[in-house]
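Trainee: Give me a model of this one.
(one chain, ligands or ions: 2)
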Amino acid sequence: MLVLGIETSCDETGLAIYDSQRGLLAHRLYSQVKLHAQYGGVVPELASRDHVRKIIPLLNQVLTDANIAKSDIQGIAYTSGPGLMGALMVGGAMATALGFALAIPVIGVHHMEGHLLAPMLEDHPPQFPFVALLVSGGHTQLVSVKAIGDYQLLGESLDDAAGEAFDKTAKMLDLDYPGGPVLAAMAERGQIDRFDFPRPMTDRPGLDFSFSGLKTFTRNLINQHRGGDVLPDEQTTLDICAGFQEAVVDTLVIKCRRALQQTQMKTLVIAGGVSANSRLRKKLEVALAKDSAEVFYARHEFCIDNGAMIAYAGCQRLAAGQRNDLAISATPRWPLDQLPSLLPSL
Ligand code: KG4
Ligand code: ZN
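Mentor: Numbers count the residues shown, from 1 in each chain. Ligands and ions are numbered 1, 2, ... in the order given. Have a look, this model is predicted:
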(Lines give C-alpha, C1' and ligand atoms only; values in the text may rest on other atoms or scores of the structure.)
(Ligands and ions follow the chains in the order given, each with its own letter.)
Protein backbone atom coordinates (compact mmCIF):
# COMPACT_ATOMS: atom_id res chain seq x y z
CA MET A 1 0.00 0.00 0.00
CA LEU A 2 1.37 3.39 -1.04
CA VAL A 3 0.60 6.00 1.63
CA LEU A 4 1.09 9.76 1.70
CA GLY A 5 1.87 11.10 5.19
CA ILE A 6 1.22 14.70 6.20
CA GLU A 7 2.45 16.32 9.42
CA THR A 8 1.41 19.89 10.30
CA SER A 9 0.76 19.78 14.05
CA CYS A 10 3.17 22.55 15.05
CA ASP A 11 5.98 24.40 13.27
CA GLU A 12 7.18 21.79 10.78
CA THR A 13 5.51 20.87 7.50
CA GLY A 14 6.45 17.24 6.82
CA LEU A 15 5.36 15.13 3.86
CA ALA A 16 6.39 11.58 3.01
CA ILE A 17 5.55 8.60 0.82
CA TYR A 18 5.70 5.18 2.53
CA ASP A 19 5.14 1.89 0.76
CA SER A 20 4.26 -1.17 2.85
CA GLN A 21 6.37 -3.33 0.49
CA ARG A 22 9.35 -1.11 -0.30
CA GLY A 23 9.51 1.08 2.83
CA LEU A 24 10.04 4.83 2.83
CA LEU A 25 10.24 6.21 -0.72
CA ALA A 26 10.56 9.94 -0.05
CA HIS A 27 10.22 12.54 2.66
CA ARG A 28 10.54 16.31 2.83
CA LEU A 29 10.51 18.63 5.79
CA TYR A 30 10.14 22.38 5.95
CA SER A 31 10.96 23.92 9.32
CA GLN A 32 9.43 27.26 10.32
CA VAL A 33 12.17 27.90 12.88
CA LYS A 34 13.34 31.16 11.27
CA LEU A 35 9.77 32.48 11.13
CA HIS A 36 9.18 32.01 14.86
CA ALA A 37 12.71 32.80 16.09
CA GLN A 38 12.05 36.54 16.26
CA TYR A 39 9.17 35.88 18.70
CA GLY A 40 11.12 33.37 20.83
CA GLY A 41 8.40 30.72 20.39
CA VAL A 42 5.78 29.35 17.99
CA VAL A 43 3.09 31.86 16.96
CA PRO A 44 0.09 29.62 16.10
CA GLU A 45 -1.54 31.85 13.45
CA LEU A 46 1.77 32.32 11.61
CA ALA A 47 2.38 28.56 11.79
CA SER A 48 -1.00 27.83 10.11
CA ARG A 49 -0.39 30.35 7.35
CA ASP A 50 3.06 28.97 6.61
CA HIS A 51 1.74 25.40 6.41
CA VAL A 52 -0.77 26.67 3.79
CA ARG A 53 2.10 28.17 1.79
CA LYS A 54 4.36 25.13 1.91
CA ILE A 55 2.13 22.07 1.84
CA ILE A 56 1.42 21.86 -1.93
CA PRO A 57 5.02 22.54 -3.08
CA LEU A 58 6.19 19.85 -0.62
CA LEU A 59 3.58 17.41 -1.90
CA ASN A 60 4.81 17.92 -5.47
CA GLN A 61 8.40 17.44 -4.29
CA VAL A 62 7.77 14.11 -2.54
CA LEU A 63 5.83 12.82 -5.55
CA THR A 64 8.76 13.72 -7.81
CA ASP A 65 11.31 12.25 -5.36
CA ALA A 66 9.34 8.99 -5.15
CA ASN A 67 8.83 9.00 -8.91
CA ILE A 68 5.08 8.51 -8.62
CA ALA A 69 1.95 10.36 -9.72
CA LYS A 70 -0.82 11.56 -7.42
CA SER A 71 -3.04 8.84 -8.85
CA ASP A 72 -0.60 6.15 -7.57
CA ILE A 73 -1.30 7.07 -3.92
CA GLN A 74 -3.55 4.47 -2.26
CA GLY A 75 -4.11 6.05 1.15
CA ILE A 76 -3.46 9.29 3.05
CA ALA A 77 -2.44 9.72 6.70
CA TYR A 78 -2.41 13.09 8.43
CA THR A 79 -1.69 14.21 11.97
CA SER A 80 -5.07 14.90 13.54
CA GLY A 81 -3.78 15.71 17.05
CA PRO A 82 -2.50 16.65 19.51
CA GLY A 83 -1.22 19.99 18.25
CA LEU A 84 -2.19 23.53 17.31
CA MET A 85 -5.78 23.68 16.04
CA GLY A 86 -5.17 25.89 12.98
CA ALA A 87 -2.01 24.01 12.01
CA LEU A 88 -3.76 20.63 12.31
CA MET A 89 -6.63 21.92 10.16
CA VAL A 90 -4.27 22.67 7.26
CA GLY A 91 -3.00 19.09 7.04
CA GLY A 92 -6.47 17.68 7.71
CA ALA A 93 -8.10 19.80 4.98
CA MET A 94 -5.43 18.88 2.46
CA ALA A 95 -5.59 15.15 3.27
CA THR A 96 -9.37 14.99 3.27
CA ALA A 97 -9.77 16.95 0.02
CA LEU A 98 -7.11 14.91 -1.77
CA GLY A 99 -8.56 11.65 -0.45
CA PHE A 100 -12.02 12.66 -1.71
CA ALA A 101 -10.67 13.71 -5.12
CA LEU A 102 -8.70 10.48 -5.55
CA ALA A 103 -11.41 8.33 -3.93
CA ILE A 104 -8.91 6.71 -1.55
CA PRO A 105 -9.09 6.14 2.25
CA VAL A 106 -7.84 8.76 4.69
CA ILE A 107 -6.82 8.28 8.32
CA GLY A 108 -6.13 10.76 11.13
CA VAL A 109 -3.00 9.78 13.09
CA HIS A 110 -2.06 10.58 16.70
CA HIS A 111 1.15 12.64 16.58
CA MET A 112 2.70 10.80 19.55
CA GLU A 113 1.89 7.41 18.01
CA GLY A 114 3.81 8.65 14.98
CA HIS A 115 6.82 9.48 17.19
CA LEU A 116 6.51 6.19 19.06
CA LEU A 117 6.60 4.13 15.84
CA ALA A 118 9.33 6.20 14.11
CA PRO A 119 12.11 3.71 15.14
CA MET A 120 10.21 1.12 13.03
CA LEU A 121 11.54 2.96 9.97
CA GLU A 122 15.11 1.94 10.86
CA ASP A 123 16.99 -1.16 9.63
CA HIS A 124 17.06 -2.69 13.11
CA PRO A 125 13.54 -1.99 14.45
CA PRO A 126 12.42 -2.85 18.00
CA GLN A 127 10.13 -5.84 18.64
CA PHE A 128 6.93 -5.65 20.70
CA PRO A 129 6.39 -5.45 23.61
CA PHE A 130 8.44 -2.49 24.77
CA VAL A 131 8.45 0.51 27.06
CA ALA A 132 8.43 3.83 25.21
CA LEU A 133 9.78 7.09 26.59
CA LEU A 134 8.08 9.86 24.65
CA VAL A 135 10.03 13.06 25.14
CA SER A 136 9.09 16.09 23.06
CA GLY A 137 8.31 19.76 23.46
CA GLY A 138 4.81 18.97 24.74
CA HIS A 139 5.06 15.47 26.23
CA THR A 140 7.13 13.45 28.68
CA GLN A 141 5.49 10.06 29.03
CA LEU A 142 6.41 6.47 29.79
CA VAL A 143 4.15 4.07 27.94
CA SER A 144 3.83 0.29 27.96
CA VAL A 145 3.45 -0.77 24.32
CA LYS A 146 2.19 -4.30 23.69
CA ALA A 147 1.26 -3.75 20.02
CA ILE A 148 0.30 -0.89 17.73
CA GLY A 149 -2.55 0.87 19.48
CA ASP A 150 -2.18 -1.12 22.72
CA TYR A 151 -0.78 1.63 24.90
CA GLN A 152 -0.85 1.93 28.68
CA LEU A 153 0.37 5.11 30.30
CA LEU A 154 2.88 4.30 33.08
CA GLY A 155 3.89 7.82 34.05
CA GLU A 156 4.12 11.38 32.77
CA SER A 157 5.30 14.85 33.63
CA LEU A 158 3.18 16.64 36.19
CA ASP A 159 4.30 20.02 34.84
CA ASP A 160 6.78 20.96 32.07
CA ALA A 161 7.71 18.46 29.37
CA ALA A 162 11.44 17.66 29.12
CA GLY A 163 11.79 19.53 25.80
CA GLU A 164 9.92 22.50 27.25
CA ALA A 165 12.32 22.53 30.22
CA PHE A 166 15.28 22.56 27.81
CA ASP A 167 13.70 25.39 25.79
CA LYS A 168 12.80 27.52 28.83
CA THR A 169 16.25 27.07 30.39
CA ALA A 170 17.87 28.05 27.09
CA LYS A 171 15.69 31.15 27.00
CA MET A 172 16.82 32.13 30.52
CA LEU A 173 20.41 31.88 29.30
CA ASP A 174 19.54 33.98 26.24
CA LEU A 175 20.53 31.18 23.83
CA ASP A 176 19.34 31.09 20.24
CA TYR A 177 15.86 29.71 19.43
CA PRO A 178 14.98 26.84 19.41
CA GLY A 179 16.84 26.38 22.66
CA GLY A 180 16.88 22.60 23.26
CA PRO A 181 19.48 21.55 20.67
CA VAL A 182 21.55 24.72 21.27
CA LEU A 183 21.68 24.06 25.01
CA ALA A 184 22.59 20.42 24.33
CA ALA A 185 25.49 21.46 22.07
CA MET A 186 26.81 23.90 24.70
CA ALA A 187 26.46 21.26 27.43
CA GLU A 188 29.13 19.20 25.68
CA ARG A 189 31.69 21.92 26.47
CA GLY A 190 30.65 22.39 30.11
CA GLN A 191 31.53 20.73 33.41
CA ILE A 192 28.68 18.46 34.56
CA ASP A 193 29.36 18.54 38.30
CA ARG A 194 30.27 22.16 39.06
CA PHE A 195 26.72 22.77 40.27
CA ASP A 196 24.63 20.40 42.33
CA PHE A 197 21.43 20.16 40.25
CA PRO A 198 18.61 18.07 41.80
CA ARG A 199 17.23 14.89 40.17
CA PRO A 200 13.52 15.61 40.73
CA MET A 201 11.17 12.88 42.01
CA THR A 202 13.79 10.13 41.78
CA ASP A 203 14.00 9.56 45.55
CA ARG A 204 10.40 8.31 45.78
CA PRO A 205 8.64 5.47 43.98
CA GLY A 206 6.58 6.02 40.85
CA LEU A 207 7.10 6.84 37.20
CA ASP A 208 5.91 10.46 37.03
CA PHE A 209 8.24 13.38 36.31
CA SER A 210 8.46 17.01 37.33
CA PHE A 211 10.82 19.47 35.66
CA SER A 212 9.59 22.83 36.91
CA GLY A 213 11.81 22.67 40.03
CA LEU A 214 14.88 22.30 37.82
CA LYS A 215 13.86 25.46 36.03
CA THR A 216 13.63 27.35 39.33
CA PHE A 217 17.00 25.95 40.46
CA THR A 218 18.54 27.16 37.19
CA ARG A 219 16.96 30.60 37.49
CA ASN A 220 18.40 31.02 41.00
CA LEU A 221 21.82 29.86 39.80
CA ILE A 222 21.79 32.35 36.94
CA ASN A 223 20.82 35.15 39.34
CA GLN A 224 23.68 34.21 41.70
CA HIS A 225 26.20 34.45 38.87
CA ARG A 226 24.97 37.45 36.96
CA GLY A 227 26.18 41.02 37.40
CA GLY A 228 23.06 43.19 37.14
CA ASP A 229 21.76 42.83 33.60
CA VAL A 230 24.87 40.93 32.49
CA LEU A 231 24.38 37.17 32.25
CA PRO A 232 26.94 34.73 33.74
CA ASP A 233 30.32 34.44 31.97
CA GLU A 234 30.77 31.93 29.16
CA GLN A 235 32.31 29.13 31.24
CA THR A 236 29.57 29.42 33.88
CA THR A 237 26.90 29.32 31.16
CA LEU A 238 28.47 26.16 29.68
CA ASP A 239 28.62 24.59 33.15
CA ILE A 240 24.96 25.43 33.82
CA CYS A 241 24.01 23.86 30.46
CA ALA A 242 26.01 20.72 31.28
CA GLY A 243 24.65 20.42 34.82
CA PHE A 244 21.07 21.00 33.69
CA GLN A 245 21.26 18.48 30.84
CA GLU A 246 22.87 15.90 33.12
CA ALA A 247 20.07 16.31 35.67
CA VAL A 248 17.33 15.88 33.04
CA VAL A 249 19.11 12.91 31.46
CA ASP A 250 19.78 11.18 34.81
CA THR A 251 16.15 11.65 35.81
CA LEU A 252 14.91 10.14 32.53
CA VAL A 253 17.38 7.24 32.77
CA ILE A 254 16.36 6.39 36.35
CA LYS A 255 12.66 6.36 35.44
CA CYS A 256 13.22 4.32 32.25
CA ARG A 257 15.10 1.62 34.17
CA ARG A 258 12.37 1.62 36.78
CA ALA A 259 9.67 1.25 34.09
CA LEU A 260 11.53 -1.68 32.50
CA GLN A 261 11.88 -3.37 35.89
CA GLN A 262 8.23 -2.80 36.73
CA THR A 263 6.96 -4.19 33.40
CA GLN A 264 9.69 -6.86 33.23
CA MET A 265 10.47 -5.76 29.68
CA LYS A 266 13.93 -5.60 28.11
CA THR A 267 13.29 -3.21 25.25
CA LEU A 268 13.09 0.56 25.51
CA VAL A 269 12.13 2.90 22.67
CA ILE A 270 12.84 6.60 22.99
CA ALA A 271 11.04 8.97 20.65
CA GLY A 272 10.26 12.66 20.15
CA GLY A 273 12.58 15.66 19.79
CA VAL A 274 14.53 15.08 23.02
CA SER A 275 15.39 11.52 21.92
CA ALA A 276 17.82 13.22 19.52
CA ASN A 277 19.88 14.22 22.58
CA SER A 278 23.18 12.35 22.34
CA ARG A 279 23.90 12.41 26.08
CA LEU A 280 20.51 10.77 26.76
CA ARG A 281 21.16 8.08 24.14
CA LYS A 282 24.64 7.36 25.48
CA LYS A 283 23.68 7.19 29.15
CA LEU A 284 20.68 4.97 28.39
CA GLU A 285 22.86 2.62 26.36
CA VAL A 286 25.34 2.27 29.22
CA ALA A 287 22.68 1.95 31.95
CA LEU A 288 20.48 -0.53 30.08
CA ALA A 289 23.42 -2.75 29.13
CA LYS A 290 23.81 -3.44 32.88
CA ASP A 291 20.23 -4.79 32.92
CA SER A 292 20.69 -6.77 29.65
CA ALA A 293 18.17 -4.43 28.08
CA GLU A 294 18.39 -2.48 24.81
CA VAL A 295 17.41 1.01 23.73
CA PHE A 296 16.09 1.86 20.23
CA TYR A 297 15.66 5.25 18.61
CA ALA A 298 15.09 6.76 15.18
CA ARG A 299 17.71 8.59 13.12
CA HIS A 300 17.93 12.26 14.07
CA GLU A 301 15.58 13.59 11.35
CA PHE A 302 12.83 11.19 12.47
CA CYS A 303 13.15 12.08 16.18
CA ILE A 304 11.86 15.58 15.51
CA ASP A 305 8.51 16.15 13.79
CA ASN A 306 8.32 14.63 10.30
CA GLY A 307 5.91 13.20 7.74
CA ALA A 308 7.56 9.77 7.51
CA MET A 309 6.41 8.69 10.98
CA ILE A 310 2.84 9.74 10.14
CA ALA A 311 2.91 7.87 6.82
CA TYR A 312 4.22 4.74 8.60
CA ALA A 313 1.69 4.83 11.47
CA GLY A 314 -1.17 5.65 9.07
CA CYS A 315 -0.18 2.84 6.73
CA GLN A 316 -0.50 0.30 9.57
CA ARG A 317 -3.95 1.57 10.50
CA LEU A 318 -5.20 1.88 6.90
CA ALA A 319 -3.99 -1.65 6.11
CA ALA A 320 -6.01 -2.86 9.12
CA GLY A 321 -9.11 -1.29 7.59
CA GLN A 322 -9.34 1.83 9.77
CA ARG A 323 -10.24 5.11 8.10
CA ASN A 324 -11.80 8.52 8.84
CA ASP A 325 -14.95 9.85 7.24
CA LEU A 326 -15.02 13.07 5.21
CA ALA A 327 -15.13 15.30 8.29
CA ILE A 328 -11.73 16.90 8.96
CA SER A 329 -10.52 15.65 12.31
CA ALA A 330 -8.40 18.00 14.45
CA THR A 331 -8.03 17.14 18.13
CA PRO A 332 -5.68 19.51 20.01
CA ARG A 333 -5.84 17.34 23.18
CA TRP A 334 -5.99 13.59 22.71
CA PRO A 335 -4.81 10.95 25.25
CA LEU A 336 -2.68 8.28 23.57
CA ASP A 337 -4.28 5.40 25.47
CA GLN A 338 -7.69 6.15 23.87
CA LEU A 339 -6.52 4.91 20.46
CA PRO A 340 -8.04 1.75 19.00
CA SER A 341 -5.77 -1.30 19.01
CA LEU A 342 -4.66 -3.34 16.01
CA LEU A 343 -2.33 -6.20 15.35
CA PRO A 344 1.24 -5.23 14.37
CA SER A 345 1.89 -7.91 11.74
CA LEU A 346 0.79 -6.05 8.61
O1 KG4 B 1 9.04 16.15 18.77
P2 KG4 B 1 9.37 17.57 18.55
O3 KG4 B 1 10.10 17.94 17.28
O4 KG4 B 1 8.11 18.46 18.61
C5 KG4 B 1 7.08 18.22 19.51
O6 KG4 B 1 6.24 17.31 19.21
O7 KG4 B 1 7.09 18.89 20.57
O8 KG4 B 1 10.23 18.00 19.82
C9 KG4 B 1 10.73 19.31 19.93
C10 KG4 B 1 11.43 19.42 21.28
C11 KG4 B 1 11.86 20.85 21.57
O12 KG4 B 1 11.51 21.16 22.91
C13 KG4 B 1 13.36 20.81 21.38
O14 KG4 B 1 14.04 21.76 22.15
C15 KG4 B 1 13.68 19.40 21.83
O16 KG4 B 1 12.63 18.62 21.30
N17 KG4 B 1 14.98 18.93 21.32
C18 KG4 B 1 16.04 18.64 22.10
C19 KG4 B 1 17.10 18.25 21.23
N20 KG4 B 1 16.63 18.32 19.95
C21 KG4 B 1 15.33 18.74 20.02
N22 KG4 B 1 16.19 18.67 23.43
C23 KG4 B 1 17.38 18.30 23.92
N24 KG4 B 1 18.43 17.92 23.17
C25 KG4 B 1 18.34 17.88 21.83
N26 KG4 B 1 19.38 17.50 21.08
ZN1 ZN C 1 6.48 15.98 17.88
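Trainee: any idea how far Leu284 lies from Glu122?
Mentor: Leu284 sits at a distance of 16 Å from Glu122 (criterion: CB to CB, to the nearest Å). From N, CA and C alone the C-beta is placed, and that goes for glycine too.
Trainee: Look at the two and report which has more neighbours.
Mentor: Leu284 (24 against 13; other CB atoms under 10 Å).
Trainee: in terms of contact, does the more buried one touch Thr267 like I think?
Mentor: No - here Leu284 lies out of contact with Thr267, judged by CB atoms under 8 Å, at a distance of 11.9 Å.
Trainee: Counting neighbours, which bits of stretch 38-51 end up buried?
Mentor: Applying a neighbour-count criterion of 16 or more other CB atoms under 10 Å, one finds Val42, Val43, Pro44, Leu46, Ala47, Ser48, Arg49, Asp50, His51 buried in stretch 38-51.
Trainee: what's the distance between that stretch and the middle of its chain?
Mentor: On the basis of CA atoms, centre = their mean, to the nearest Å, stretch 38-51 sits 18 Å off its chain's mean C-alpha point.
Trainee: tally of neighbours for Asp337?
Mentor: 12.
Trainee: Angles on the backbone of it, please.
Mentor: Note on Asp337: its backbone torsions stand at phi -80, psi 10 [degrees, to the nearest 10].
Trainee: Same question for Ile148.
Mentor: Backbone geometry at Ile148, expressed as degrees, to the nearest 10, gives phi -60, psi 120.
Trainee: Can you give me every residue that contacts the residue of the stretch 201-346 of the chain at minimum distance from ligand 1?
Mentor: Scanning the stretch 201-346 of the chain for the residue nearest ligand 1 gives Gly273, at 2.1 Å (criterion: CB to the nearest ligand atom). Applying CB atoms under 8 Å, 6 or more residues apart in numbering to Gly273 gives the contacts Val135, Ser136, Gly137, Gly163, Gly180, Cys303, Ile304, Asp305.
Trainee: Likewise for Leu58?
Mentor: Residues in contact with Leu58 (CB under 8 Å, 6+ apart) are Thr13, Gly14, Leu15, Arg28, Tyr30.
Trainee: ok, now Leu35?
Mentor: Asp11, Val43, Leu46, Ala47, Asp50.
Trainee: Any chance of JSON lines for these, columns pLDDT, secondary structure and distance to Lys290?
Mentor: Output for those, formatted as JSON lines (pLDDT from 0 to 100; DSSP: H, G, I helix; E, B strand; the rest coil; distance: CB to CB, whole Å):
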{"residue": "Asp11", "pLDDT": "97", "secondary structure": "coil", "distance to Lys290": "38"}
{"residue": "Val43", "pLDDT": "98", "secondary structure": "coil", "distance to Lys290": "45"}
{"residue": "Leu46", "pLDDT": "98", "secondary structure": "helix", "distance to Lys290": "47"}
{"residue": "Ala47", "pLDDT": "98", "secondary structure": "helix", "distance to Lys290": "43"}
{"residue": "Asp50", "pLDDT": "98", "secondary structure": "helix", "distance to Lys290": "46"}
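Trainee: Dump the residues you listed to CSV, plus distance to ligand 2.
Mentor: Below are those laid out as CSV (distance: CB to the ion, whole Å):
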residue, distance to ligand 2
Asp11, 10
Val43, 18
Leu46, 18
Ala47, 13
Asp50, 17
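Trainee: Ligand 1 contacts on the stretch 1-150 of the chain?
Mentor: Residues of the stretch 1-150 of the chain that fall close to ligand 1, judged by CB under 6 Å from any ligand atom: Cys10, Ser136, Gly137, Gly138.
Trainee: so which two of the residues you listed are the farthest from each other?
Mentor: Farthest pair in these (CB to CB) is Cys10 and Ser136. Separation: 9.4 Å.
Trainee: quick one, phi/psi of Phe296?
Mentor: Here the main-chain torsion angles of Phe296 (degrees, to the nearest 10) amount to phi -120, psi 140.
Trainee: residues near it, how many?
Mentor: By the criterion of other CB under 10 Å, Phe296 has 20 neighbours.
Trainee: can you pull the pLDDT of it?
Mentor: We have a pLDDT of 98 for Phe296.
Trainee: and what of Pro178?
Mentor: What the model reports as pLDDT for Pro178 is 88.
Trainee: what ranges do the helices span in the stretch 51-200 of the chain?
Mentor: Along the stretch 51-200 of the chain, counting by DSSP state H, counting those that start in this stretch, helices occupy 85-102, 111-117, 162-172, 179-187.
Trainee: The last one and ligand 2, are they touching?
Mentor: No - Helix 179-187 is not in contact with ligand 2 by CB under 5 Å from the ion; minimum separation 12.0 Å.
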